[in-house]
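Undergrad: Give me a 3D structure for the following:
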Amino acid sequence: MTSYDRIKDLPLTIDSYDLSYREQNCTGDFARASVVLSVQDDIPGTPEFRRPCTEITLHGKESTGYGEDVTYDDVDHHALIESSTELPLSGKYTIATFSAALDGMDLFLNREPERKASRHYRRWAIESAALDLALKQAKTDLATVLDREYHPVRFVVSNRLGDPPTFDRVATWLGLNSNLEFKLDITPGWTDKLIRQLVDTNAVRILDFKGQYKGTVVDQPSDPALYRRLIENFPDVLIEDPVLTDETRALFEGIEHRITWDAPITSMESVKQLPFEPDWLNIKPSRFGTLESLFDTIDYCVEHDIRMYGGGQTELGVGRQHIHALASLFYPSSPNDIAPREYNHPEPTPGLPTSPLSPPSDPRGLEWY
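TA: Sure, this is the predicted structure:
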């Protein structure tokens, strides 16, 4: 039985829904976004942006399910919240029939979203809220339905290092917690001195080459010389989203197992279309849109011995719980790029939750806290 088979027949009753908008200044894993963002320089050398989100709340049978729309353009959020047209979500379904009903709905209410990927983000928000509600109506949780167990979740802290890049931010974090691990975005300004400083920490687990993003503020072009220096100086670190060209492909011969992919991964088919079968993949649930697509991809990775780690979209609320729950069930010991949302505040702060995160003592629905 597939993972989706285990959830698709859960009964679901939706009586009504609510929408709640919120926004926050953030840094950190904002750089995972495959969109153009407005970057400010409120903190020297630290990109920051105003993160909008909409919490979608589904009500039914005296239970409540929550999801988070991580669309990056606030105009898309306000268009939904301020519209006089309501989404026709009410009714009695199963998880599968509800998803089929969403296939026929325009979740952007007769307007094109600013970015194509936003359709997946909103669909994920609604389907994850539906799963949360269905599980609560059945008085159970995701681990129980999947016949799996929640485990402590290891996480890494994702950062860019400023412009020009310096060691300062990593040093500040390590000064607050010497056990932190990192996923870092490379940029052309990385010097030999900076590379040596980072190597000496033995705390870098993933280097994000940012080569698969197009038309964003975080795009990084192919740089064979920089690629070579990083490959040689970080021999055990995962390399995410490099640009593979005739010039760079030879650099990765024999170390393909270190290459991992993020931006291209949106379905099981997208995994099959990679230039070679990967050893590692970054799984961001909101990129998949539907529950079926996400769980089919996870099952495919398990069946083909492809290791996974979780990725985030700078969620501000319940969406972060959902990616913690999934990581806890499927890839808890991986270098998950899903640090608690406090790590995305502009300034490093003492006293934050440490890795690994403890699993919930009384799990409900898709919640994880």
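
Undergrad: burial measure for residue 307, as a count.
TA: 16 (other Cβ atoms under 10 Å). All C-beta atoms are positioned from the backbone trio N, CA, C, and that covers glycine.

Undergrad: who's in contact with the nearest residue to it once chain neighbours are set aside?
TA: With sequence-adjacent residues excluded and distances taken as Cβ to Cβ, 6 or more residues apart in numbering, residue 307 is closest to residue 280, at 5.0 Å. Going by Cβ atoms under 8 Å, 6 or more residues apart in numbering, residue 280 touches 238, 257, 258, 259, 260, 306, 307, 308, 309.

Undergrad: bridging residues for the fifth one?
TA: Translated: residue 260. Beta bridges link residue 260 to residue 240, residue 280 when assigned by DSSP bridges.

Undergrad: Run a quick neighbour tally on it.
TA: By the criterion of other Cβ under 10 Å, residue 260 has 23 neighbours.

Undergrad: Look up how far residue 187 lies from it.
TA: Distance, residue 260 to residue 187, by Cβ to Cβ, to the nearest Å: 19 Å.

Undergrad: most surrounded residue in the contacts of residue 280?
TA: When those are compared by neighbour count (other Cβ under 10 Å), residue 309 ends up highest, at 28 neighbours.

Undergrad: Spell out the secondary structure type for that residue.
TA: Following DSSP: H, G, I helix; E, B strand; the rest coil, residue 309 is assigned to strand.

Undergrad: quick one: contacts for it?
TA: 206, 260, 280, 281, 282, 283, 327, 331, 334, 335, 336, 337.

Undergrad: and residue 50, how many neighbours?
TA: For residue 50, the number of neighbouring residues by other Cβ under 10 Å comes to 13.

Undergrad: Give me the secondary structure label for it.
TA: Residue 50 ends up strand, using three-state DSSP.

Undergrad: Tell me who's in contact with it.
TA: So residue 50 contacts 23, 24, 25, 26, 38, 74 (Cβ under 8 Å, 6+ apart).

Undergrad: Walk me through the domains of the chain.
TA: Domain ranges of the chain: 3-139, 145-344, per automatic domain parsing.

Undergrad: Nearest residue to residue 187 in space, please, no chain neighbours.
TA: Nearest non-adjacent residue to residue 187, counting by Cβ to Cβ, 6+ apart: residue 165, 5.5 Å away.

Undergrad: neighbours around the one you found, how many?
TA: Neighbours of residue 165 (other Cβ under 10 Å): 20.

Undergrad: residue boundaries of the strands in the stretch 151-300 of the chain?
TA: Counting by DSSP state E, counting those that start in this stretch, the segments of the stretch 151-300 of the chain that form strands are 157-159, 182-185, 204-208, 238-240, 259-261, 280-283.

Undergrad: Dump those strands to CSV, plus mean pLDDT.
TA: What follows is the strands of the stretch 151-300 of the chain, written out as CSV (pLDDT from 0 to 100):
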stretch, mean pLDDT
strand 157-159, 94
strand 182-185, 96
strand 204-208, 97
strand 238-240, 97
strand 259-261, 97
strand 280-283, 98
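
Undergrad: nearest to residue 351, of those?
TA: Among the strands of the stretch 151-300 of the chain, the nearest to residue 351 by Cβ to Cβ is strand 157-159 (14.7 Å).

Undergrad: Partner strands of the closest one and their direction?
TA: Note on strand 157-159: by DSSP bridges, its sheet partners are strand 182-185 (parallel).

Undergrad: what about residue 20, how many neighbours?
TA: Here the number of neighbours of residue 20 (other Cβ under 10 Å) works out to 13.

Undergrad: And residue 205, by the same measure?
TA: 21.

Undergrad: quick one on the thing from earlier: just the buried ones from the contacts of residue 50, in ChimeraX syntax?
TA: Burial among the contacts of residue 50 is assessed by 16 or more other Cβ atoms under 10 Å; the matching ChimeraX selection reads:
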select :24,26,74
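
Undergrad: Now, the contacts of residue 50 that are in strands?
TA: Residues of the contacts of residue 50 located in strands (DSSP state E): 23, 24, 25, 26.

Undergrad: and the nearest residue to the first one once chain neighbours are set aside, how many neighbours does it have?
TA: By the measure of Cβ to Cβ, 6+ apart, the closest residue to residue 23 outside its immediate chain neighbours is residue 52, 4.6 Å from it. Using other Cβ under 10 Å, residue 52 has 20 other residues around it.
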